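# Let me see the structure of the following:
(one chain, ligands or ions: 2)
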Amino acid sequence: MHKPFPRPIDKPRKRAAAQLYLTDTPKLPVTIILFTADNITAERCFCLAPKQRKSTKRALRTSTLPQHKVLTLLGESKDSSNGMSETRNMDGHVANGSTNGVRTLRNGKRPFLIGVSGGTASGKSTVCKRIMEKLGIDNVAYMQRQVVCISQDSFYRELNEEEKVRALKGNFNFDHPDAFNNELLHQTLVDILHGQSCEIPVYDYCTHSSSGERFSTIYPADVVLVEGILVFYIPQIRNLFHMKLFVDTDSDLRLARRVLRDIKDRGRDLDHVLNQYTMYVKPAFEEFCLPTKKFADVIIPRGADNTVAIDLIVQHIKDLLNNQVAVPLPVSPTSNQFSSYSGDSSPASPRRNPADGHFKTPH
Ligand SMILES: Nc1ncnc2c1ncn2[C@@H]1O[C@H](COP(=O)(O)OP(=O)(O)O)[C@@H](O)[C@H]1O
Ligand SMILES: O=c1ccn([C@@H]2O[C@H](COP(=O)(O)O)[C@@H](O)[C@H]2O)c(=O)[nH]1
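Residues are numbered from 1 along each chain as shown. Ligands and ions are numbered 1, 2, ... in the order given. Reported below is the predicted structural model:
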């Protein structure tokens, strides 16, 4: 359970710099993150009218007020008793029921990012699902989950008309690193590491596209699982993970599972699945996915059948959540043309990867 909020300020000299993250959708709550000298200390959601957003942003830009002052300025109710304080808008109205506050991070620490890779239909999603089940997360409301899971598939890039026609015929290579919007995935993970809520596109395998209108919100969580065939391929993305898992399942079994799944869930027929598999999926697995196995910290043979491996990982996550494991900094990209993750608050010095600095597919 996280502590009641606003928390008592134990050290008066600690000042909070507040940062306001605005979403483009006016109806969505804005997220305000309070930083102190050592780390993110709290994150709150507020529903503000557009005008209020502007003035609040201006007021907060240079703020070095103590936390409770910042929250007063924002109109937060002070009489929270259950750790999920009411969030009020600037007029003092309850914004959205009583449990709409986004949870604060585990003692203000940065989230722990776990990458889960492996070939198609190796069981990546199933392994993540088992981990969540064993942690009992699936019974917890989305906003309050300590562990969340996202898929690289949400970050497939938009296709042009000609590519769409080819995709519908099974003639597009969805297993090549360039099929993804890697910049967006990278930026999303950087935002997650900074404790921000993120919106990720909802991908439709039948139309091979994200609608552009449907998003799912990822709320700040202590542990974030990121699964996908190529999450370890791009160094800037790979280096953001604190822990890397590779699900290693026999390729015949993967093909058999893929055939059944793609026909049942992804609107394909047998010809389509087999053509795509032989033409693109298998060669790309060998060229791009399999070579990234060497980056894994833990290889999970037989995927979700490997209950011993899953139990060990679950135990590690539990220890993390109970603060019994020191969280290392992920490798920080030195220079990046898209965004930067500055893990500047940790004393640990980041490991550097000589391949960093160029955000493109390393052919
Ligand atoms: N251990 C398992 N035993 C039986 N079926 C499984 C197992 N793991 C995964 N599957 C099935 O195989 C298919 C692919 O699994 P999934 O977890 O979606 O793989 P990935 O995320 O790696 O593509 C799904 O239909 C899933 O239900
Ligand atoms: O529009 C699409 C997008 C992706 N695919 C295939 O999906 C897999 C990756 O997902 P897994 O869950 O890891 O299997 C990849 O092999 C693509 O070929 C697709 O067919 N159509």
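# So stretch 220-237, near ligand 2 or not?
Yes. Contact of stretch 220-237 with ligand 2 (C-beta under 6 Å from any ligand atom) involves residue 229. Where C-beta positions appear, they are placed from N, C-alpha and C, glycine not excepted.
# Going by neighbour count, which residues in that stretch are buried?
Neighbour-count burial for stretch 220-237 flags 220-237 (criterion: 16 or more other C-beta atoms under 10 Å).
# Among those residues, which are located in helices?
Those of the buried residues of stretch 220-237 mapping onto helices are 235-237, per DSSP state H.
# Tell me which of the buried residues of stretch 220-237 fall in strands.
Using DSSP state E, 223-227 are the members of the buried residues of stretch 220-237 that sit in strands.
# nearest to residue 209, of those?
Among these, residue 227 lies closest to residue 209 (C-beta to C-beta), at 20.4 Å.
# wait, doesn't that closest one sit right on residue 131?
No. The criterion here is C-beta atoms under 8 Å, and residue 227 misses it with residue 131 at 10.3 Å.
# now the strands for the stretch 251-363 of the chain?
298-301 (DSSP state E, counting those that start in this stretch).
# and the gap between the residue in it that ligand 2 sits nearest to and residue 148?
As assessed by C-beta to the nearest ligand atom, ligand 2 sits closest to residue 281 within the stretch 251-363 of the chain, at 4.9 Å. According to C-beta to C-beta, to the nearest Å, residue 281 and residue 148 sit 28 Å apart.
# Repeat that for residue 272.
Shown here: residue 272 relative to residue 148, a distance of 32 Å by C-beta to C-beta.
# The nearest residue to residue 255 once chain neighbours are set aside: neighbouring residues, count only.
Nearest residue to residue 255, sequence neighbours excluded (C-beta to C-beta, 6 or more residues apart in numbering): residue 277, at 6.2 Å. Neighbour count of residue 277, defined by other C-beta atoms under 10 Å: 20.
# try residue 151
Residue 151 has 17 neighbouring residues, counting by other C-beta under 10 Å.
# Next, work out how far apart it and residue 270 are.
As judged by C-beta to C-beta, residue 151 and residue 270 stand 25 Å apart.
# do the same with residue 127
27 Å.
# ok, which residues in the stretch 201-350 of the chain are in contact with ligand 1?
Residues of the stretch 201-350 of the chain found near ligand 1 (C-beta under 6 Å from any ligand atom) are 257, 261, 303-305.
# Turn the residues you listed into CSV, including pLDDT and neighbour count.
Formatted as CSV, these follow (pLDDT from 0 to 100; neighbours: other C-beta atoms under 10 Å):
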residue, pLDDT, neighbour count
257, 98, 17
261, 97, 15
303, 97, 24
304, 97, 20
305, 97, 15
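# For the stretch 1-150 of the chain, which residues score under the pLDDT cut-off?
Within the stretch 1-150 of the chain, the stretches with pLDDT under 70 are 1-108.
# related to what we said a few turns ago, contact partners for the residue of the stretch 251-363 of the chain closest to ligand 2?
Counting by C-beta atoms under 8 Å, 6 or more residues apart in numbering, residue 281 makes contact with 120, 174-175, 258.
# for residue 273, same thing?
Neighbouring residues of residue 273 by C-beta under 8 Å, 6+ apart: 170, 258-259, 262-263.
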